[in-house]
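J.: Attaching a predicted model along with its sequence, questions to come.
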Amino acid sequence: MVRTADLLPLAVAVPLLGAVALVITGRRLPRPALDALVTVWAALEVAGLVLLWLRTGDGHSVSWLGGWTPVHGESVGIVLVGDRIGIGLALLTSALVLAVVVYSWRYFDEPPVAHAGTFPALLLLFEAGMVGFALTGDLFDAFVFFELMGAVAYALTGYRIEDPRPVQGALVFGVVNSLGAYCSLLGIGLVYARTGELGFAQIGVQLTRHRPDALLSVAFVLIVTGLLVKAAVVPLHFWLPDAHSVAPTPVCMLLSGVMVELGVYGVARVYWVVFSGPHGIAEPHLRATFVTAGVLTALVGAVMCWQQRHLKRLLAFSTIGHVGLFLAGVALLNPASTAGVALYVAAHAGVKAALFATTGVLLDRFGSVDEHGLYRRGRELPLVGALFSVGGLALAGLPPFGTGLGKAVVEHSGQERLPWLPAVFVFVSALTGGAVLRAGARIFAGAGPRPRERYAGPETTGGGEEPEIRDPRRRIPVPMLAVPAVLLAAALAFGLLPGPGVALAHAARQFTDRTAYTAAAFGHHVAASAPVPDVGWNTEGVLLGLVSTVMAALFAAVAVWGPALRSPLVGPVTAVCEGVGRRVIVPLRRLHSGHLGDYVAWLAVGVAMLLVAMTV
């Protein structure tokens, strides 16, 4: 029988070995056999992580690779540490990769022999990087795994190299994220110079021997910069919509579904294990900084989401909006908010991947992802329209979806300290969900008059896209409909079934207990002492979820039918909206210029703002 500790390195090794096998055999296998092989390999990874999740329970699983365990409290080996939050995120990653693999069975053209197996091999490499990052207990190896997933993500974004647009999007993605990574590496160097350690737990122990000072704050800011860039936190977010608009749809399902959320997870892990406690970053200081960053990110993402007609950019900006909510929830620094964010992330992954999957069906059939150009053309796809609309309602926080439950838990955990925070969650959920419902009503129901563009912007419209399959007139493959249906059902299950919520409540208590993590890394066991948070539905959470859903429907209805209404209120409201658009929205859209130099400049501004906020 495989030991629990051995399951940790296997979780990283299985997708790596699978990628090697696909590269070697890809040219020799027919397409059905290739699809079957990668599906079996992805399913094996899911099975291994399920077993690891069950065996770990409410404790920690630890594996020192090569047997290089600490000696007298000092270590030079590589350690993997799994708790239920980290293992759960790895399991979510592997489940989403499996869904993408199944979705891609009939998505692309038959590949040339020279490239057979390349795309699924890259998917498994991407999975290895993400799983390794979720399970590592070493700061430098976290950087290595993060860069592995980044490098593969660049390749996946620019997979269609015959089209210059994906190459440009991948270039922006690569340069901005690499600059963020250099900042992280510099911060890791500062921490290593002070402590002589690279393990999360070992650094935390060494820092207890030093007083907090400016170097500690600077190191923290530099380390989390790379994580915040990957998480697309404002103003480090500009790369994400440009990359999503050109990446293949299956890649978008992974980028928005789990990769950007790993950045938020990394910030939380680094803070709780390394920089928390009396020797580290003061809680009030960190809470104020990151709640502010989260709220700003959520509002910018929601407003920009509403302005898009390119469906992939619309969904990308909605991801930015919800990542802002995740960051604000994590920054509340309590087990209840952490459990709520974990639920929110799990359900959001299914919903967002399903929305991108249905958008891929539109691209498959019509060669377009332009909301205006697709007006009424989706009426022949009622099932796709139903799935797209259900995804919009789930994104708005409709009970009993898991997105609504996660949102409710975070709202409840933060309202005592920040009574205005629930209003932000409701508004952002309503605006992002309303944008999806608006697009769905126009595309699949032909609702309202034909839309017209009000504000010019530098973004592409989504029309004239290259279909990612050979014959857009073919029947829609069953996997392209079954996968989003299953993903939405999973998001619903997270809100309906009590089991996931209870498990994540215990996991959040363990995740926020630095003492328990440190003891496990040194081979001891300490039970978490904090009470288990309540993550069930409550009356207030249900009402706020219904409010955000009704607001989303109203926003969509006004956008679709408002121009055709004859009412004394329409004129003044239209005038106010146009004034806001000219003074606020148009400049905001112009900031998203697509110019790499502008985005690098904003990266520098973001780092400077964080340094000022954390050191002054």
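T.: In hand now; what should we look at?

J.: Every contact and neighbour count from this point should use C-alpha atoms.
T.: OK.

J.: Could you check how far residue 310 is from residue 369?
T.: Residue 310 is 6 Å from residue 369, where distance means Cα to Cα, to the nearest Å.

J.: If you could redo that for residue 355, that was the one I meant.
T.: According to Cα to Cα, residue 355 stands 12 Å off from residue 369.

J.: So for those two, which sits in the more crowded spot?
T.: Comparing residue 355 with residue 369 by other Cα atoms under 10 Å, the one with more neighbours is residue 355, at 28 against 25.

J.: if I look at the more buried one, how far off is residue 437?
T.: Note on residue 355: its distance to residue 437, by Cα to Cα, is 11 Å.

J.: now do residue 607
T.: To residue 437, residue 607 is 36 Å away according to Cα to Cα.

J.: the more surrounded of these two?
T.: Counted by other Cα under 10 Å, residue 607 and residue 437 do not tie: residue 437 has more neighbours, with 28 against 21.

J.: Surely that one and residue 389 touch.
T.: Yes. Contact criterion Cα atoms under 8 Å: residue 437 and residue 389 qualify, at 5.8 Å.

J.: in the chain, what secondary structure element scores lowest on mean pLDDT?
T.: Each helix and strand of the chain was given a mean pLDDT (mean pLDDT, DSSP states H and E); the minimum falls on helix 570-580 at a mean of 55.

J.: what's the spacing between the next helix-or-strand element following that one and its chain's center?
T.: Going down the chain from helix 570-580, the next helix or strand is helix 586-591, by DSSP states H and E. Going by Cα atoms, centre = their mean, to the nearest Å, the spacing between the C-alpha centre of helix 586-591 and its chain's C-alpha centre is 24 Å.

J.: Does anything pack onto the helix or strand harbouring residue 205? Which helices or strands?
T.: Element membership of residue 205, judged by DSSP H and E, is helix 200-207. Here helix 200-207 touches helix 164-195, helix 514-521, going by 3 or more Cα pairs under 8 Å, 6 or more residues apart in numbering; DSSP states H and E.

J.: what's the closest of those helices to residue 47?
T.: Residue 47 lies closest to helix 514-521 among these, at 24.5 Å (Cα to Cα).

J.: Okay, angle between that closest one and helix 200-207 too, please.
T.: With axes from the mean of the first three to the mean of the last three Cα atoms, to 10 degrees applied, the angle from helix 514-521 to helix 200-207 works out at 120 degrees.

J.: which residues are contacting helix 514-521?
T.: Helix 514-521 is contacted by residues 60-62, 81, 201-202, 272-273, 276, 510-511, 525-528 when judged by Cα atoms under 8 Å, 6 or more residues apart in numbering.

J.: circling back: the helix holding residue 205 to helix 164-195, inter-axis angle?
T.: 40 degrees.

J.: What's the mean pLDDT across helix 200-207?
T.: Throughout helix 200-207, pLDDT has a mean value of 87.

J.: Also stretch 29-37?
T.: Averaged across stretch 29-37, pLDDT comes to 82.

J.: Stretch 339-350 too?
T.: Stretch 339-350 shows a mean pLDDT of 95.

J.: Just list the residues touching the nearest residue to residue 83 once chain neighbours are set aside, thanks.
T.: Of all residues not flanking residue 83 in the chain, residue 60 sits nearest, at 4.8 Å (Cα to Cα, 6 or more residues apart in numbering). Contacts for residue 60 (Cα under 8 Å, 6+ apart) come out as 81, 82, 83, 84, 517, 520.

J.: Repeat that for residue 554.
T.: By Cα under 8 Å, 6+ apart, the residues touching residue 554 are residue 434.

J.: quick revisit: anything in contact with each of residue 355 and residue 437?
T.: residue 392.

J.: which residues touch the residue lying closest to residue 541 once chain neighbours are set aside?
T.: The shortest distance from residue 541 to any non-neighbouring residue, by Cα to Cα, 6+ apart, is to residue 408 (4.4 Å). Neighbour list for residue 408: 340, 537, 538, 540, 541, 542, 544, 545 [criterion: Cα under 8 Å, 6+ apart].

J.: Make JSON lines from the helices and strands packed on helix 200-207 and add distance to residue 207, mean pLDDT and mean neighbour count to it.
T.: Shown next, in JSON lines, are the helices and strands packed on helix 200-207 (distance: least, Cα to Cα, whole Å; pLDDT from 0 to 100; neighbours: other Cα atoms under 10 Å):
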{"stretch": "helix 164-195", "distance to residue 207": "7", "mean pLDDT": "87", "mean neighbour count": "20"}
{"stretch": "helix 514-521", "distance to residue 207": "13", "mean pLDDT": "85", "mean neighbour count": "21"}
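
J.: Dump these into JSON lines; add distance to residue 154 as well.
T.: As requested, the helices and strands packed on helix 200-207 are exported to JSON lines (distance: least, Cα to Cα, whole Å):
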{"stretch": "helix 164-195", "distance to residue 154": "5"}
{"stretch": "helix 514-521", "distance to residue 154": "33"}
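
J.: Which one of those lies nearest to residue 451?
T.: helix 164-195 (26.1 Å).

J.: returning to that earlier point: tell me how far the residue nearest to residue 541 lies from residue 434.
T.: Using Cα to Cα, residue 408 is found at 19 Å from residue 434.

J.: same question, residue 416
T.: The gap separating residue 416 from residue 434 is 28 Å, by Cα to Cα.

J.: Next: residue 520.
T.: Going from residue 520 to residue 434 by Cα to Cα gives 45 Å.

J.: after the strand or helix carrying residue 54, next one along is what?
T.: For residue 54, the host element (DSSP H and E) is helix 31-56. Where DSSP H and E defines the elements, the next helix or strand beyond helix 31-56 is strand 61-64.

J.: Distance from the helix or strand just after that following strand to the middle of the chain?
T.: Toward the C-terminus, strand 61-64 is succeeded by strand 79-82 as the next helix or strand (DSSP H and E). Taking Cα atoms, centre = their mean, the mean C-alpha location of strand 79-82 is offset from the chain mean by 22 Å.

J.: Would you mark the buried spots in strand 79-82?
T.: Buried residues in strand 79-82, counting neighbours by 16 or more other Cα atoms under 10 Å, are found at 79, 80, 81, 82.

J.: And the pLDDT at the first one?
T.: Spelled out, it's residue 79. Looking at residue 79, its pLDDT reads 87.

J.: show me the contacts for it.
T.: Applying Cα under 8 Å, 6+ apart to residue 79 gives the contacts 62, 63, 64, 65, 136, 137, 138, 199.

J.: shouldn't the fourth one be in contact with residue 78?
T.: Yes. Taking contact to mean Cα under 8 Å, the distance of 5.7 Å between residue 65 and residue 78 places them in contact.

J.: Of those two, which one has the most company?
T.: Per other Cα under 10 Å, whichever of residue 65 and residue 78 has more neighbours is residue 78, with 20 against 15.

J.: How much space separates that one from residue 516?
T.: 19 Å.

J.: Could you do residue 282 as well?
T.: Distance of residue 282 to residue 516, computed by Cα to Cα: 20 Å.

J.: cool, and residue 53?
T.: Counting by Cα to Cα, the separation of residue 53 from residue 516 is 18 Å.

J.: what does residue 477 give?
T.: Distance from residue 477 to residue 516, by Cα to Cα: 48 Å.

J.: residue ranges for the helices of the stretch 451-600 of the chain, please.
T.: Ranges of helices in the stretch 451-600 of the chain, per DSSP state H, counting those that start in this stretch, are 478-496, 498-511, 514-521, 539-561, 570-580, 586-591, 596-615.
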